[in-house]
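J.: structure of the sequence below:
(2 chains)
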Protein chains: 2
Amino acid sequence: MADRIEPRTLRGFRDYTPELMLPREAILDKARKVYRSYGFAPIDTPALEYAEVLLGKGGDESDRLVYQFKDHGDRHVALRFDLTVPFARFAAQYIGQLGTPFKRYHMGPVWRGENTGHGRYREFWQCDFDTIGTTSNAADIEVVLVIHDLMRAIGFERFQIRVNNRLVLNGLLESLGLREKAVPLLRSLDKLLKIGPEKVAAEMVEAAGVSPDQAAQVLKLAGLQGSNAEVLDRLEKEFAGNEFAAEGARRLRELIEVTKAVGLPEGEVKLDLSIARGLDYYTGTIYETFLGDLPGIGSVCSGGRYDNLAGLFTKQTLPGVGSSLGLDRLLSAMEELKMLPSVSTPAPVLVVQFVAGRLGDYQRVAGRLRAAGVGVEVFPEAKKLPAQFKYAEQRGFRVALIAGPDELSRSVWNVKDLLRKEEQKGVPETGVVEAVQKVLAGGAS
Amino acid sequence: MADRIEPRTLRGFRDYTPELMLPREAILDKARKVYRSYGFAPIDTPALEYAEVLLGKGGDESDRLVYQFKDHGDRHVALRFDLTVPFARFAAQYIGQLGTPFKRYHMGPVWRGENTGHGRYREFWQCDFDTIGTTSNAADIEVVLVIHDLMRAIGFERFQIRVNNRLVLNGLLESLGLREKAVPLLRSLDKLLKIGPEKVAAEMVEAAGVSPDQAAQVLKLAGLQGSNAEVLDRLEKEFAGNEFAAEGARRLRELIEVTKAVGLPEGEVKLDLSIARGLDYYTGTIYETFLGDLPGIGSVCSGGRYDNLAGLFTKQTLPGVGSSLGLDRLLSAMEELKMLPSVSTPAPVLVVQFVAGRLGDYQRVAGRLRAAGVGVEVFPEAKKLPAQFKYAEQRGFRVALIAGPDELSRSVWNVKDLLRKEEQKGVPETGVVEAVQKVLAGGAS
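T.: Predicted structure coming up:
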């Protein structure tokens, strides 16, 4: 064929080979299990929606990043750029039928035509969970428990969930007479970890129009140090007269107390008044999660409470709270921390095809193992053994099962531990499952 | 807000509420496990690609159905309309690094701007699995084993996997002197189940330009009845002189023998010479799968062998064989057969919030159950009990855990079986997991 087409992907989009995809599926599977274990139910929405629905009133800077076009019916459509707007539309449409409180998770790809680089992709996954239809602090507290279980399930022992409350931040700003400048001030404060206090102060002066002295005061209050109990005590003392700040402090105290009562380790949940989250719609508790061994990568699970999810679509007020797992950031972190196995097979066992024409025997023993929950690939050709073992090594199989004419005539199998290079010979077919499981469990073969 | 936006989805697109999404996730999860248990590894490719890559030389009728547009960089891009073309592009790009044989599964949404109606959606999921880089019949046979395990895992006991081989069909046509009319004839034959023999014969006459007598002969041969052994014997006798047909018959015989040796039930795998598959690129074994209790819905898992996957992108010849699970058709069938539970919670247990301020206790007992693998939702507000029980009933919770001030002071729990309306009172906290598991296992509460 003379005019072949160059096989390539668009800039900012990537393929997932098995080596990348296996860890991604593992995280998604663990997230799914944790979300479900708290009663969050799965939903899905279309990738493509009316542009009007996704962009709202539009005109925003960020709208430029949205993939939008005219479809076959000349409708103005767009690819979803997050899972929050579709959830708002979904909630407006179905909340009457679903009832409240409603807890959902939603995991799927979103698309943004952003500048690439710095590990930014134009297609990436979000993994959101939210409880809507209740203002109860129980839902806010549960977010912390879910994040804890998520991080543990994924394999992290050392991490910190930093919490704050916008009510407290607003109280702080009010005490400084800066309440009406909350939006630009908090947007600047959110950059504290990234750019440091000096640049944040400069930005506050420039963007919010406060004096350098006021910026310093905001930073001082936000930087309030101490144990959770100390910070709470000071907050309650200093802002007792501020109704909103006092309510924020009360909710934070309950969060700290309950997560402790439930048994979360000391220090894992940390009050941090400098956590602001950039998004304007948060109104209560806010969350960020940092890895103990790689805090510099930024928060891997963030979220917060909002007063009204779906005001653009319905007159029903839907308060809620939730968070989102940063799948790609987490995968990068795990790669950097060498937490990802370099394996490209989901099945640990390879049945070597020693003799052509004995496929029934090879698939039968494989079936025994599959029935016991062990994944088994049968090599599809009776190639020379070294070629089959090379294949096994490249893919990262852990065990090989081998039977030539002699073994087949005696109904026995050789079980080879490919990692330790040890071989157990002449295992009767009824003992194969046990022998393989022993190798997989790390015992001697 | 005066100018609210109407919450709606595009025609042909649908939302998945938990009630729809829970069964979809269950099927995807089972498919994932079965694919993996045979060593098929997951991959993913972007939803959006260069239009040139997805459309090939283009100009086809079907290209009109593809969503395509100019992106921010004025590139001509398109949404994938199947998972086969992206796999061809992927294989051309990575096969050198991945090596052969290469087994992959790929599950994800695809988009087609088709006319809606008859349960057709413009966004739907495909669940493909393929082995490429080998012509070995072992890979063809394995497809049948995978389909068997898939159907069983999803919950079907009665189904039939019908197999045929394009080599045999072509041999049949050659014996009638109609080899060069294979493409239109097989495309017509593929409609046999849908429109019946008379209309197929008429279409053959019209579209392939054969005589009514020739059409009748094709249908007669394709309708060859009998047990697998009888059909094979006749094929081998009648087409012994035709090299291709004989090879096709040999491969079918081995497939029948091995699947029997592995233990698949008699009659589950059926030779059916009328199975043609409409797609032109199949060249060997072809598969269709019918439900015993709902054959009329059509094949729920179909596929075949092809000579070359990625000729459009690489000079390397990549033969392969695979199949695709029809997720949406399967879900419709399961709905019709009342195989779907009408539950909208992924967690079977609800902890009632009886007393405000005792959230630590409620989440602690929930945590015990979660650690034992049982999903538990804690109701977020201390609402009146009837409201909480109504919520439990609507969502389909199976068990409620209740503890008021008295129970909490004694560290005991009431375990209520919401289905049988039975309540076990005063269960000590250490016994809650066992008591709940007993209810869930269907035993008396």
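J.: for the strand or helix carrying A:A261, what is the average pLDDT?
T.: Using DSSP states H and E, A:A261 sits in helix A:243-262. For helix A:243-262, the mean per-residue pLDDT is 94.
J.: next one: that helix to chain centre, how far?
T.: Remark: helix A:243-262 is offset 25 Å from the chain centroid, using Cα atoms, centre = their mean, to the nearest Å.
J.: ok, stretch A:192-206 next?
T.: 28 Å.
J.: go through it and flag the buried ones.
T.: Residues A:192-193, A:197, A:200-201, A:203-205 are the ones in stretch A:192-206 that count as buried (16 or more other Cβ atoms under 10 Å in any protein chain shown). Any C-beta I mention is one placed from the backbone N, CA and C, and that applies to glycine too.
J.: what residues does the one helix or strand A:Q363 maps to touch?
T.: According to DSSP H and E, A:Q363 maps onto helix A:359-371. Contact partners of helix A:359-371, identified using Cβ atoms under 8 Å, 6 or more residues apart in numbering or on different chains, comprise A:349, A:351, A:353, A:375-378, A:401, A:403, A:408, A:413, A:429, A:432-433, A:436, B:37-38, B:138, B:141-142, B:145, B:149, B:254, B:257-258, B:261-263.
J.: if you set the cut-off to 7 Å instead, what comes out?
T.: Helix A:359-371 is contacted by residues A:349, A:351, A:353, A:376, A:378, A:401, A:403, A:408, A:413, A:429, A:432-433, A:436, B:37, B:138, B:141, B:145, B:258, B:261-262 when judged by Cβ atoms under 7 Å, 6 or more residues apart in numbering or on different chains.
J.: tell me which of the residues you listed fall in helices.
T.: Using DSSP state H, A:408, A:432-433, A:436, B:37, B:138, B:141, B:145, B:258, B:261-262 are the members of the contacts of helix A:359-371 that sit in helices.
J.: pull out the buried members of those residues.
T.: A:432-433, A:436, B:37, B:138, B:141, B:145, B:258, B:262.
J.: of all those, which comes closest to B:L221?
T.: B:I141 (24.5 Å; Cβ to Cβ).
J.: with just CA atoms, put stretch A:18-30 into PDB.
T.: The C-alpha coordinates for stretch A:18-30 follow below in PDB (Å, rounded to 0.1, in the frame of the first residue of the first chain):
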ATOM      1  CA  PRO A  18      -0.700  -2.200  29.300                       C
ATOM      2  CA  GLU A  19       2.200  -1.100  31.500                       C
ATOM      3  CA  LEU A  20       0.500   2.300  32.000                       C
ATOM      4  CA  MET A  21      -3.000   1.000  32.000                       C
ATOM      5  CA  LEU A  22      -2.700  -1.700  34.600                       C
ATOM      6  CA  PRO A  23      -1.800   0.800  37.400                       C
ATOM      7  CA  ARG A  24      -4.600   3.100  36.100                       C
ATOM      8  CA  GLU A  25      -7.100   0.300  36.300                       C
ATOM      9  CA  ALA A  26      -5.800  -0.700  39.700                       C
ATOM     10  CA  ILE A  27      -6.400   2.800  41.100                       C
ATOM     11  CA  LEU A  28      -9.800   3.200  39.500                       C
ATOM     12  CA  ASP A  29     -10.800  -0.200  40.900                       C
ATOM     13  CA  LYS A  30      -9.700   0.700  44.400                       C
END
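J.: any idea how far it is from the chain center?
T.: On Cα atoms, centre = their mean, the centre of stretch A:18-30 falls 11 Å from that of its chain.
J.: mind listing what's buried in that stretch?
T.: Result for stretch A:18-30 [16+ other Cβ under 10 Å]: buried residues A:18-28, A:30.
J.: what about it and chain B, any contact?
T.: Yes - using Cβ under 7 Å from any Cβ of the partner chain, stretch A:18-30 reaches chain B at A:18, A:21-22, A:25.
J.: from those, which ones fall inside helices?
T.: Checked against DSSP H, those include these in helices: A:18, A:21-22, A:25.
J.: now do the same contact list for A:Q68.
T.: A:51, A:76-78.
J.: for A:F124, phi and psi?
T.: The phi/psi pair for A:F124 (degrees, to the nearest 10) reads phi -150, psi 160.
J.: picking that back up, among the contacts of A:Q68, which ones are buried?
T.: Buried among those by 16+ other Cβ under 10 Å: A:51, A:77-78.
J.: keep the residues you listed, but drop any that are not near chain B.
T.: A:V77.
J.: and the buried ones among the contacts of A:Q68, which of them are in strands?
T.: Among the buried ones among the contacts of A:Q68, the members falling in strands (DSSP state E) are A:77-78.
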